[in-house]
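# I would like the atomic coordinates for the input below:
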Amino acid sequence: MEHHPPLNRQRRQLLSGLACAGAAGLLAPWPARAADYPTRPITFICPWPVGGTADQSMRALCQVAAEVLGQSIVVENRAGASGMIGTTALSQARPDGYTIGQIPISVTRFSQLGMLHLDPRNDLTYLARTSGQTFGIAVLASSPFQTLQEVVAHAKANPGRVTYGHAGIGGATHVGMEQFAMAAGVQFNAIAYKGGAAALQDLLGGQVDLLADSSSWAPHVEAGKLRLLATWGEQRASRFKNAPTLKELGYDVVVEAPNGIGAPKGLDPQAEQKLRAAFRSAVQSDTFKQVASRIDAPVMYLDGPDYKDYVATVYRQETALIDRLKLKDMLQKG
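Residues are numbered from 1 along each chain as shown. Here you go, the predicted structure:
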């Protein structure tokens, strides 16, 4: 007659075997192996097209961070919806440290406008704020407007007649220009494009009076095709010191729209620490600083926790700005 061990003894043996397997790491969850991270290539989601200034800066950062981490970082461009397609993809990825990406500060605005379905204060992991952008107002070299003061005077005398091109409703170039218009007490005719490149081409073709954009205008200003009337930073741009800031001209408007690096919510703490350290080194590297200087992107580093606090502050500011500029009404009229 075949003898079977008592059921409780079988259970003890099974539990013991599972415990041994767990101790051997066979059943260990990913966080238990986080000390080895990263063991394979990391995907970096860039929410902008290939070749743009944001893409260039992110690739430079990833190059250095990959050297620090000892693993390659593969940049994947997922452009569209003013950066929100890539940001959405990032937020929906597994929080295992193998999908990270750029987070535009405009998440604070678009989430409140219903164009991004997440709360940026709580639904992302922030690793580093990296650099800002140099925004400005440019005209054709042949334009009758020699200064921004002349633009304001003409706009006051001709409400809604001066046209400007921008990269999309609700984006930094549109919102910044409307802030300036409000501060100056004028009304412009805003023309929305699907990106700054298209707006630039229409300025060069004489289809609009002004261009509000980040430094897409820079090579054309240096070549003498365009004239830069003002920039939007706290200080004058190092390459364009002849162009005053809006603040210098008496308008209390500063727009730098700093970018940063992040990951999905719930990132393992050990992976987070390694990524923060890697991108801290990347932002401080000569490789990144050279690229940032070339594309007029001032370095504005903040570590992950400080960057998260900054996002929360900007979120509150955007709440007031959305109401003041009636951005929801603009989007509905779109």
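
# helices or strands up against the one helix or strand A218 maps to?
Of the helices and strands defined by DSSP states H and E, A218 is found in helix 218-222. Helix 218-222 sits against strand 226-231, with contacts defined as 3 or more Cβ pairs under 8 Å, 6 or more residues apart in numbering; DSSP states H and E. Heads up, the C-betas are built off the backbone N, CA and C, glycines and all.

# could I get the average pLDDT for the strand it packs on?
Mean pLDDT, strand 226-231: 98.

# other residues contacting that strand?
Identification of contacts with strand 226-231 by Cβ atoms under 8 Å, 6 or more residues apart in numbering yields 134-141, 143, 145-148, 151, 203-204, 210-211, 217, 220-221, 237, 240, 242-246, 249.

# give me the subset of the residues you listed lying in helices.
L148, V151, L203, L204, H220, V221 (DSSP state H).

# only whichever of these are buried, select them in PyMOL.
Selection of the buried residues among the ones in helices among the contacts of strand 226-231 in PyMOL, burial being defined by 16 or more other Cβ atoms under 10 Å:
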select buried, resi 148+151+203+204+220+221
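
# contacts for the helix holding A218?
By Cβ under 8 Å, 6+ apart, helix 218-222 touches T134, A138, L200, L204, L226, R227, L228, R239, F240, I295, D296.

# next: stretch 288-307.
Contacting residues not belonging to stretch 288-307 are listed as 53, 56-57, 60-61, 64, 125-134, 214-215, 218, 233, 237-240, 256, 258, 260, 272, 276, 280, 282-284, 310 [Cβ under 8 Å, 6+ apart].

# hey, C-alpha coordinates of the helix holding A218 in PDB?
C-alpha atoms of helix 218-222 as PDB (Å, rounded to 0.1, in the frame of the first residue of the first chain):
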ATOM      1  CA  ALA A 218      18.800  82.600 -34.700                       C
ATOM      2  CA  PRO A 219      20.600  81.600 -37.900                       C
ATOM      3  CA  HIS A 220      18.500  83.900 -39.900                       C
ATOM      4  CA  VAL A 221      19.200  86.800 -37.600                       C
ATOM      5  CA  GLU A 222      22.900  86.100 -37.800                       C
END
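
# SS state for V175?
State at V175, reduced to three classes by DSSP: H, G, I helix; E, B strand; the rest coil: helix.
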